[in-house]
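Student: okay, sequence plus prediction incoming.
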Amino acid sequence: MPLGPFELPAAADFHVHLRDGPMSAAVAPTVRRGGVNIAYVMPNLVPPVTGVSQALEYKERLEAIDPSVTYLMTLYLHESITPEVVREAKKAGISGIKSYPAGVTTNSSSGVLSYEPFYPVFAAMEECGLVLNLHGEIPSDPKQGITILNAESKFLPTLKLLHSKFPKLRIVLEHCSTKDAVEAVKACGDTVVGTLTCHHLFLTVDDWAGEVFSFCKPVAKTPEDRTALLQALVASKGKFFLGTDSAPHDIGAKKGKGKTAAGVFTQPYACQLTMTALEEAIERGEIEESDVTQELLEGFLGGYGRRFYGVEDKSGQRIRLSKGQEVVSGNIVGEGVEVVPFRSGRQTWTVEWI
C-alpha cells in the first residue's frame, strides 16, 4: 500500500532561520512552500536580537515580506538580558529566549560561556512562562576530548541540571541529533521537549563529510542515532516536534574559500522532506508504515508544538501531502544571494494548500 495522501492542518515550524536584508527577502517567502504558516524565528542576526524593540522591528520586517505567516519571535541569551527584559518580552508577546554556546555555530560569538550567571533570568522566565530554547552543544576542546561528534552528548548533563533547578521552566532541546539526546529529553519531565529537523532524519556522518550542503551544526551522527530520531518522531506523543533549523547561506559561504558555513536549507520543503524521510525509514525497516498515522502527522508537524507554546492556529488553513514525481529544485536567488536547497535534484513529496 502506498503511504498517504494526508490532509492536515497547516504545519508549524518551531525553529527557523530567516536572516535579514536581501537574504530574508529571498527566503521568507519560501516558508509557505513547505506547508508552514507559523514560524518560530531564531535571533542570531548580526548583531544578535537581544532587545524587545529589536525583536518587534525584526518581526515587522518579516511581515512586510510575507504577512501570511505568523512569526513567533525570540531573544538571544546575552549578558544584557535581565529579569526586567524577560518581563518586558512577555508583555510584548515574545515567545522565548535562545541560548547559543559561544562559538559553536553560525553567529554564536556572543553566546553563553556559563549558565549560572543567568539563573535569575531563568527564574523570571519560569515565572513568566517564556520558553528557553537550547542549542545543546559545548565547544570543542581537544584537551578534554570534545569534538563536534560528541559535543551534544557532553551538553546533556547541563540540560538535566537546568531542568532540576527550574522544574517549571519550559525548555526545548533544539535539533536533537543523537540517541543520547532523545533519551535525555524522554527522561525529563513534561516541561522539557525536543525538536527534530528534517535533515537529521536523512543524514549520517558519511553524508556530510565532504558534502557542503549537508553540513550543519550539530552535525549528523551515526545510523543508530538517525534511527533513534526517527523512532522518537513516531513515538513522540508531544515530546518531540518539528523544528527544521532551516539555515540559509549564500552559495559562496558554502563553497567559497575558508571554513564552510554550518547550515542546511530545507524551508521550501519542510513537510515534504519529513514525509520522504519517513518513507525511506519504512523501506529500511526502522519504523513501520502503521506508525505514520494521521494523528501522528497532525501532532508532529504542528499540533504538538502549538500545544507546548500555547499557540492557537485559528486560520483553518489545511494542506495535502502526497507522493508524486516532485523533485527538489530551483536555487533560491535574491539580491546578491543564492541558496541551494537540501537534497537538490532528488525526489520528494508534494504539498498543496487546500
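Tutor: Structure's in. What do you need? Residues are numbered from 1 along each chain as shown.

Student: so where does R226 fall, helix or strand?
Tutor: Using DSSP states H and E, R226 falls within helix 223-234.

Student: other SSEs contacting that helix?
Tutor: Counting contacts by 3 or more C-beta pairs under 8 Å, 6 or more residues apart in numbering; DSSP states H and E, helix 223-234 packs against helix 179-187, strand 192-196, helix 270-284. Glycine gets a C-beta too; all of them are placed from N, C-alpha and C.

Student: out of these, indicate the one that is most buried.
Tutor: With neighbours taken as mean count of other C-beta atoms under 10 Å, the helices and strands packed on helix 223-234 reach their highest mean count in strand 192-196, at a mean of 25.

Student: helix or strand right after it?
Tutor: Strand 192-196 is succeeded, C-terminally, by helix 205-208 (DSSP H and E).

Student: how about that next one as CSV, C-alpha atoms only?
Tutor: What follows is helix 205-208, C-alpha atoms only, in CSV (Å, rounded to 0.1, in the frame of the first residue of the first chain):
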residue,chain,number,x,y,z
VAL,A,205,28.3,11.5,9.3
ASP,A,206,29.2,9.9,5.9
ASP,A,207,26.7,12.1,4.1
TRP,A,208,28.1,15.5,5.2
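
Student: give me the contact list for that helix.
Tutor: L149, S214, F215, C216, V219, A220, K221, T222 (C-beta atoms under 8 Å, 6 or more residues apart in numbering).

Student: derive a ChimeraX selection command for the buried subset of those.
Tutor: Selecting only the buried entries of these in ChimeraX, with 16 or more other C-beta atoms under 10 Å as the criterion:
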select :149,214,215,216,219,220,221
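
Student: in TSV, list the helices and strands packed on helix 223-234 along with mean pLDDT.
Tutor: Shown next, in TSV, are the helices and strands packed on helix 223-234 (pLDDT from 0 to 100):
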stretch	mean pLDDT
helix 179-187	98
strand 192-196	98
helix 270-284	98
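
Student: which one of those lies nearest to R33?
Tutor: helix 270-284 (8.5 Å; C-beta to C-beta).

Student: buried set for stretch 124-132?
Tutor: Within stretch 124-132, the residues that count as buried by 16+ other C-beta under 10 Å are A124, M125, E126, L130, V131, L132.

Student: could you single out the nearest of these to Y269?
Tutor: Y269 lies nearest to V131 out of those, by C-beta to C-beta, at 26.1 Å.

Student: partners of that closest one in the sheet?
Tutor: Per DSSP bridges, the residues bridged to V131 are G96.

Student: same deal with the one 10 residues further on?
Tutor: Under DSSP bridges, the beta-bridge partners of D141 are I146.

Student: next, count neighbours for it.
Tutor: When neighbours are counted by other C-beta atoms under 10 Å, D141 registers 11.

Student: so what pLDDT did it get?
Tutor: Note on D141: pLDDT of 86.

Student: do you know how far it is from G263?
Tutor: Applying C-beta to C-beta, to the nearest Å, the value for D141 to G263 is 23 Å.

Student: with just CA atoms, put stretch 11-19 into PDB.
Tutor: Provided in PDB are the C-alpha atoms of stretch 11-19 (Å, rounded to 0.1, in the frame of the first residue of the first chain):
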ATOM      1  CA  ALA A  11       2.200  22.900   9.700                       C
ATOM      2  CA  ALA A  12       4.200  24.900  12.200                       C
ATOM      3  CA  ASP A  13       8.000  25.100  12.200                       C
ATOM      4  CA  PHE A  14       9.400  25.800  15.600                       C
ATOM      5  CA  HIS A  15      13.000  26.500  14.600                       C
ATOM      6  CA  VAL A  16      13.500  28.800  11.600                       C
ATOM      7  CA  HIS A  17      16.400  31.000  10.500                       C
ATOM      8  CA  LEU A  18      15.100  33.700   8.200                       C
ATOM      9  CA  ARG A  19      18.200  36.100   8.400                       C
END
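
Student: got the angle for the helix holding R226 vs strand 192-196?
Tutor: Helix 223-234 runs at 110 degrees relative to strand 192-196, counting by axes from the mean of the first three to the mean of the last three C-alpha atoms, to 10 degrees.

Student: which residues of the stretch 51-200 of the chain fall in strands?
Tutor: 70-72, 74-76, 96-99, 131-134, 171-173, 192-196 (DSSP state E, counting those that start in this stretch).

Student: what is the fifth one packed up against?
Tutor: So the one you mean is strand 171-173. strand 131-134, helix 151-165, helix 179-187, strand 192-196.
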